[in-house]
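**Q** generate coordinates for the sequence data below:
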Amino acid sequence: MAYFTAIFEILGLNVILALSVFATLMVGQFSLAQVGFWSIGAFVTAILTTMHGFPIYYALLVSAAICAVIGACLGYPCLRIKGIYLTLATVAFAEVVRVFFNNLNYQIEIDGKLVGPAGAVGFRGVKVLAAWPEIYIVLSIIILIFVIIGVSRFGLSVNAVREDEVAAASLGINVTRVKVSMFMFGAAIAGMGGGLYASFSSFVLAENFSFHLALLSIFYVAVGGMYTFYGPIIGAALLTLLPELFRFASDFRMILYGVVVIAVVIVFPRGIVDDIIYRIENKKDFKRKQRLESKNSNNRRNYQKRGSD
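**A** As a prediction, this is how the structure comes out:
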């Protein structure tokens, strides 16, 4: 039972990470900085809960706020660059954060023991305050916010910016405000996710927040789909559960995992959810076109029949 509970908890954390990446993609920004914000959230939450006695939810809010502010500071200058240059800038940010925490040595004595980040050794003995209820409460709130954004006027602005920034600006939309707001939102999500991770795992190590994790976060979104918030949820769930389903294969587990992921990408090149929606819409358009052609054909026959009479 403990095994399935742990998988359920890890799944929730991975979904949060995927949604943090999706938040920036909603305005067309391909960012790998989320791993850096995840790291900041993990260390800040660990320090606040373990060293200063903060309740878990207060610590998560502080982590989210700090990440949002840093996200704004990073987001504004990053608006000047796009494409591969934006990706490189966000990777550089994540690497700077990793190196910073890898060298951070901030410890205090609690009950005769030194507690806190100890450089490359990491932060051991973090208070375990997060389990599946806390993880899924936070995840539910995040999903609710996405739903609210989707049906709000701000959500229309987000969609307009993603489709065409110039056209959005011509309609009076403040493109800068929209893009920075979503960058901050993504940073805040990652900060809370990192805080939950720290309080779930009891150990925080800067090396765990490497480029490998950044790539995984992108895979979650790419496999699930980039245009609906439930795409990243499906992608994260699939890529989290597949290795566990293939445990019977022992040493060949990751080979099977890779083969299945490649097959999914080939069958669903737009992402699972996006491709399914695209095919359904295409099928509807095809049927609509058939009905229209049939109607036009009947009208032509009736017209010709009346003409012959």
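**Q** now do the strands in the stretch 1-150 of the chain.
**A** 108-110, 113-115, 123-124 (DSSP state E, counting those that start in this stretch).
**Q** if we look at the first one, which residues are touching it?
**A** Outside of strand 108-110, the residues within contact range by CB atoms under 8 Å, 6 or more residues apart in numbering are 51, 114, 115, 116. Every residue, glycine included, has its C-beta placed from N, CA and C.
**Q** list the contacts of the last one.
**A** Read it as residue 116. Shown in contact with residue 116 (CB under 8 Å, 6+ apart): 47, 50, 51, 106, 107, 108, 123.
**Q** now do the first one
**A** Contacts for residue 51 were tallied using CB under 8 Å, 6+ apart; they are 108, 110, 115, 116.
**Q** from the middle of its chain, how far away would stretch 189-196 be?
**A** Offset of stretch 189-196 from its chain centre (CA atoms, centre = their mean, to the nearest Å): 11 Å.
**Q** adjust the sequence numbering to begin at 604 for everything that follows.
**A** With the count now opening at 604, the last piece we talked about shows up as stretch 792-799.
**Q** can I get it as PDB, trimmed to CA atoms?
**A** What follows is stretch 792-799 as a C-alpha-only set of coordinates in PDB (Å, rounded to 0.1, in the frame of the first residue of the first chain):
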ATOM      1  CA  ILE A 792       3.300  26.900  -9.400                       C
ATOM      2  CA  ALA A 793       6.900  25.600  -9.600                       C
ATOM      3  CA  GLY A 794       7.800  27.200  -6.200                       C
ATOM      4  CA  MET A 795       4.900  25.500  -4.500                       C
ATOM      5  CA  GLY A 796       5.600  22.200  -6.200                       C
ATOM      6  CA  GLY A 797       9.200  22.400  -5.100                       C
ATOM      7  CA  GLY A 798       8.100  23.100  -1.500                       C
ATOM      8  CA  LEU A 799       5.800  20.100  -1.600                       C
END
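**Q** name the surrounding residues that touch that stretch.
**A** Applying CB under 8 Å, 6+ apart, the contact partners of stretch 792-799 are 616, 619-620, 622-623, 626, 637-638, 640-649, 659, 662-663, 666-667, 669-671, 733, 737-738, 741, 745, 812.
**Q** tally of neighbours for residue 642?
**A** Using other CB atoms under 10 Å, residue 642 has 29 other residues around it.
**Q** again but with residue 840, I slipped
**A** Burial of residue 840 is recorded as 18 neighbouring residues (other CB under 10 Å).
**Q** same check, this time on residue 735
**A** As a burial measure, residue 735 scores 16 neighbours (other CB under 10 Å).
**Q** how about it: what's its closest non-neighbour residue?
**A** Once flanking residues are discounted, residue 735 sits nearest to residue 612: 4.8 Å by CB to CB, 6 or more residues apart in numbering.
**Q** does the one you found touch residue 738 like I think?
**A** Yes - because the distance of 5.6 Å satisfies CB atoms under 8 Å, residue 612 is recorded as touching residue 738.
**Q** where do the helices sit along the chain?
**A** 605-628, 637-649, 655, 659-681, 686-705, 735-754, 756-766, 768-773, 778-804, 814-827, 833-848, 856-870, 875-911 (DSSP state H).
**Q** so which of the ones you listed is the most surrounded?
**A** Burial of the helices of the chain is given as mean neighbour count (mean count of other CB atoms under 10 Å); helix 637-649 ranks first at a mean of 30.
**Q** mind listing the shared neighbours of residue 612 and residue 738?
**A** Shared contacts of residue 612 and residue 738, defined by CB under 8 Å, 6+ apart, comprise residue 803.
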